[in-house]
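Chemist: got a sequence here, can you model it:
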Amino acid sequence: MFTIEEACLVVVDVQGKLATIVDESESVIENVTKLVQAMEALEIPILWLEQNPSRLGGTALEIAQHIKEQQPIAKLAFSACQEHEFIDALKASGRSQFIVTGIETHICVYQTARQLKEQGFEVEVVADAVSSRTKANKEVGLEKMKALGILPTSVEMILYELLQRADHPHFKTVLQLVK
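Modeler: Numbering: from 1, shown residues only. All right, here's what the predicted structure looks like:
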């Protein structure tokens, strides 16, 4: 069970034109935004990644405007685990559970989630907050992760799992986000 004390959100490369052309892009951006807003309310760390931002552009404004105090971690490797700055931020978070969201499911999301799992962390991927340019590639990415023991979750499922109770102080905040 993922907990507020151990969880960390990893937002992978929801940026530039690519963010607008992936399958179901509007829904993905909306769902990643909900996750970010909930994590901020719950004071869960967010590791925010951008693939080659000088070429691909910055994170979608709908998402970036809700991430407080952190700066994106620029990367060139498809797996964030190949970047020293990400590894340093991961260690600094002190967390053992990683909720992975972003694009593209079959490339950067898959490789990052896989390497996090290989390092012994608990990892889940938010199936309704990831995408690829094609639905087929998204499905292949999710299937490969599932075969590795990286289970899918959904925005609502992970948020309610983190809250655990209807009397949690941030229940109403999260409820408003998922309505």
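
Chemist: could you use CA atoms for every contact and neighbour count after this?
Modeler: Noted.

Chemist: ok, V14 - contacts?
Modeler: Residues in contact with V14 (Cα atoms under 8 Å, 6 or more residues apart in numbering) are 29, 50, 59-60, 102-103.

Chemist: now go through those residues and say which are in strands.
Modeler: Counting by DSSP state E, these place 50, 102-103 in strands.

Chemist: please indicate which of the residues you listed has the highest neighbour count?
Modeler: Tallying neighbours with other Cα atoms under 10 Å puts G102 at the head of the ones in strands among the contacts of V14, with 29 neighbours.

Chemist: hmm, that residue is touching A113, no?
Modeler: No. Look at G102 against A113 with Cα atoms under 8 Å: they stay out of range, at 11.0 Å.

Chemist: list residues touching both of the two?
Modeler: Overlap of the contact sets of G102 and A113 (by Cα under 8 Å, 6+ apart) is empty.

Chemist: about what we covered before: okay, the contacts of V14 in JSON lines with distance to G16 next?
Modeler: As requested, the contacts of V14 are exported to JSON lines (distance: Cα to Cα, whole Å):
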{"residue": "I29", "distance to G16": "12"}
{"residue": "E50", "distance to G16": "10"}
{"residue": "T59", "distance to G16": "6"}
{"residue": "A60", "distance to G16": "7"}
{"residue": "G102", "distance to G16": "13"}
{"residue": "I103", "distance to G16": "11"}
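
Chemist: what are the ranges of the strands in this protein?
Modeler: Counting by DSSP E, the strands of the chain are 7-12, 46-51, 73-75, 97-103, 122-131, 151-153.

Chemist: what lies in contact with the third one?
Modeler: The contact list for strand 73-75, computed with Cα under 8 Å, 6+ apart, reads 47-53, 83, 85-86.

Chemist: out of the residues you listed, which are buried?
Modeler: Buried members of the contacts of strand 73-75, counted by 16 or more other Cα atoms under 10 Å: 47-53, 86.

Chemist: which one of those residues is nearest V123?
Modeler: Distance to V123 across the buried ones among the contacts of strand 73-75 (Cα to Cα) is lowest for L47, with 13.8 Å.
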